[in-house]
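> Next come a sequence and a model predicted from it.
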Amino acid sequence: MFDNLSEKLDGVFKRLKGHGTLTEKNISEGLREVRMALLEADVHFKVVKQFIADIKERALGQEVMASLTPGQQVVKIVNEEMARLMGGQYEELNLNGTHPVALMMVGLQGSGKTTTSGKLAIHLRKKGRKPYLVPVDVYRPAAIDQLQKLAAQLEVPVFASTNDMDPVDICQKARVAAHKEGCDTVILDTAGRLHIDNELMDELQRIKATVQPSDILLIADAMTGQDAVNMAKAFDDALGIGGVVLTKMDGDARGGAALSIKAITQKPIKFVGVGEKLNDLEVFHPDRMASRILGMGDVLTMIERAQEAVDVKEAAALEKKLRKNQFTLDDFKNQLAQVRKMGSLSDLIGMIPGMGKLKQMKNFEVDDKELVRIEAIINSMTPHERRQHAVINGSRRKRIANGSGTSVQDVNQLLKNYTQVLKMMKKLNKGGLRGLGRGMMPF
């Protein structure tokens, strides 16, 4: 999402680092380019003005001028100020109140409220809570059915709303039903409109007054840029929202909403939607996002994803196999599956510090379908072939290719990659494999 902004900022910083010493003139010139990059990224002009002023004040102080590496000090300042601009620290959901606590999901139609409600239910369940989904949108065709099907897929209890019920009445009855189910968190998927109107706000205000939710989350489409910021202000003025969830952060939007919302509304971004899968809801850490924007990676988020994706017992069993050189094609497939759980490959590469700055990574796109293709090829093999890849001769390769809908060349490439992994394993075994199996990809 921030690729263009990251590239432009990286160019500015390289020029600043190229100066042996920094002066007010070259700092001002650099910040002028930063200002243009932010405006092009659709960051609110008032936010940009204050942001640049804050950086300039610090950049012209002793912190930079007396430094042996002034260019790097400027980058450090920009990183800190950008993190502060987006809120500084992650702000938790407010889950305090009479159980079951209620969370109101509000926003316009098409922003992703219903899908985000399901994603939030998964997030809460991982935290040990028992969520209860409530379809409150009685106006949009199939809205209730959509959430009920989503709840069934997630195996999360859901309230049996009908289109002839009053939204406020639904919320009241749902809370009682959630209590009987033993659930502690009610997620209210409220109605939206194509645009903000008095009728919508009146209904949401009545729900808030009746249910007294512990937190109100505005679901906003990051692709709408400054419109998302304006909408956040309007909803906050009417309801007093507790935070924002920005959806479609994996798209090609310029990123202005993420950098502007906190400064304009004083309300934090609490989560971001980073994909279409139901696990693709990420806690928003301003400091980590600032590091990503500046090309410094995000190792902490990468580690957290790995911890969620990796089964500790499987990792220990894999380590034993690696030590005995018993790494089969089934193990190869299982490791790929664990990587897929962590998110898209492009996203993961972006979390590795410095990767985005490498020339060979410019415009480099990773086809996540390649992992699906590899899995299909391995699934088309017999159990014996997966254990003993050496038996896969020409005729077997042709059969495997036909069975997986791929070409013989694809099968050959997979086997070549796999044998290279085996060679690497043997070398590592000689040098020691300590810790390799604990959740790390062996290729």
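Nice, thanks for sending it over. Numbering: from 1, shown residues only.

> all helices for the stretch 151-300 of the chain, in order.
167-181, 198-211, 226-239, 256-265, 286-293, 299-309 (DSSP state H, counting those that start in this stretch).

> Show me what counts as buried in the first one.
Going back to what we said before, that points to helix 167-181. Neighbour-count burial for helix 167-181, counted by 16 or more other Cβ atoms under 10 Å, picks out 167-168, 170-171, 173-175, 177-178. The way it works is simple: take the backbone N, C-alpha and C, and place the C-beta from them, glycine included.

> Throw those into JSON lines and include pLDDT, thanks.
Converted to JSON lines, the buried residues of helix 167-181 look like this (pLDDT from 0 to 100):
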{"residue": "P167", "pLDDT": "94"}
{"residue": "V168", "pLDDT": "94"}
{"residue": "I170", "pLDDT": "95"}
{"residue": "C171", "pLDDT": "95"}
{"residue": "K173", "pLDDT": "94"}
{"residue": "A174", "pLDDT": "95"}
{"residue": "R175", "pLDDT": "93"}
{"residue": "A177", "pLDDT": "95"}
{"residue": "A178", "pLDDT": "95"}
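
> ok so, going back, what's the closest of the helices of the stretch 151-300 of the chain to G88?
helix 286-293 (5.7 Å; Cβ to Cβ).

> what about that closest one, average pLDDT?
Averaging pLDDT along helix 286-293 gives 81.

> please begin residue numbering at 28 from this point
New numbering, starting at 28: the last item is helix 313-320.

> from the middle of its chain, how far away would that helix be?
Relative to the centre of its chain, helix 313-320 is centred 12 Å away, using Cα atoms, centre = their mean, to the nearest Å.

> Just the angle for it relative to helix 283-292, thanks.
150 degrees (axes from the mean of the first three to the mean of the last three Cα atoms, to 10 degrees).

> Counting by contacts, list what helix 313-320 packs against.
helix 30-45, helix 97-112 (3 or more Cβ pairs under 8 Å, 6 or more residues apart in numbering; DSSP states H and E).

> tell me what the last one is packed against?
Here helix 97-112 is seen to pack against helix 30-45, helix 51-67, helix 72-86, helix 89-92, helix 283-292, helix 313-320 when contacts are counted using 3+ Cβ pairs under 8 Å, 6+ apart.

> rerun that using 7 Å as the cut-off
The contact analysis (3 or more Cβ pairs under 7 Å, 6 or more residues apart in numbering; DSSP states H and E) places helix 97-112 against helix 30-45, helix 72-86, helix 89-92, helix 283-292, helix 313-320.

> Check the ones you listed for me: which has the lowest mean pLDDT.
Across these, helix 89-92 gives the lowest mean pLDDT, at a mean of 62.

> how about low-confidence regions in the stretch 128-277 of the chain?
In the prediction, the stretch 128-277 of the chain carries no residues with pLDDT under 70.

> hmm, who's touching stretch 204-215?
By Cβ atoms under 7 Å, 6 or more residues apart in numbering, the list of residues contacting stretch 204-215 from outside reads 122, 126-132, 144, 147-148, 151, 156-161, 163, 184, 186, 198, 201-202.

> picking that back up, would you mind saying which of the helices and strands packed on helix 97-112 lies nearest K396?
From these, taking Cβ to Cβ, the stretch that ends up closest is helix 30-45, at 20.8 Å.

> That closest one to helix 72-86, inter-axis angle?
Going by the same axes, to 10 degrees, helix 30-45 makes 20 degrees with helix 72-86.

> Show me which residues of stretch 101-108 are buried.
In stretch 101-108, counting by 16+ other Cβ under 10 Å, buried: 101-108.

> What is the burial count for Q232?
For Q232, the number of neighbouring residues by other Cβ atoms under 10 Å comes to 13.

> For it, give its distance to H222.
Look at Q232 and H222: by Cβ to Cβ, to the nearest Å, they are 17 Å apart.

> same deal with D437?
According to Cβ to Cβ, D437 and H222 sit 49 Å apart.

> Between those two, tell me which one has more neighbours.
A direct count of neighbours by other Cβ under 10 Å for D437 and H222 places D437 higher, at 19 against 10.

> circling back: nearest to L227 among the buried residues of stretch 101-108?
Looking across the buried residues of stretch 101-108 and measuring by Cβ to Cβ, the closest to L227 is E108, at 36.4 Å.

> May I ask you to confirm that that closest one is in contact with I82?
Yes: at 5.4 Å, E108 counts as touching I82 under the criterion of Cβ atoms under 7 Å.

> Okay, buried residues for the helix or strand that F359 is a member of please.
Using DSSP states H and E, the element containing F359 is helix 356-368. The neighbour-count check on helix 356-368 (16+ other Cβ under 10 Å) flags 356, 358-363, 365-367 as buried.

> Backbone dihedrals for T189, both of them.
phi -130, psi 160 (degrees, to the nearest 10).

> Now do the contacts for the spatially closest residue to it that is not a sequence neighbour.
Nearest non-adjacent residue to T189, counting by Cβ to Cβ, 6 or more residues apart in numbering: I171, 7.2 Å away. Residues counted as contacts of I171 (Cβ under 7 Å, 6+ apart) are 162, 164, 188, 190.

> Can you check what angle separates the host helix or strand of I171 from helix 194-208?
Using DSSP H and E, I171 maps to helix 170-181. Following the same axes, to 10 degrees, one obtains 20 degrees for the angle between helix 170-181 and helix 194-208.

> Pass me the low-pLDDT residue ranges in the stretch 278-427 of the chain, would you?
For the stretch 278-427 of the chain, the ranges with pLDDT under 70 are 278-282, 322-353, 366-395.

> any idea which element M132 lies in?
strand 128-133.

> continuing past that strand, what's the next helix or strand?
helix 140-153.

> which element follows that next one toward the C-terminus?
Counting by DSSP H and E, what follows helix 140-153 is strand 158-162.

> can you give me the angle the helix holding I171 makes with strand 158-162?
160 degrees.

> Can you give me the buried ones in helix 170-181?
For helix 170-181, by 16+ other Cβ under 10 Å, it's 170-171, 173-175, 177-178, 181.

> I am finished for the moment; much appreciated.
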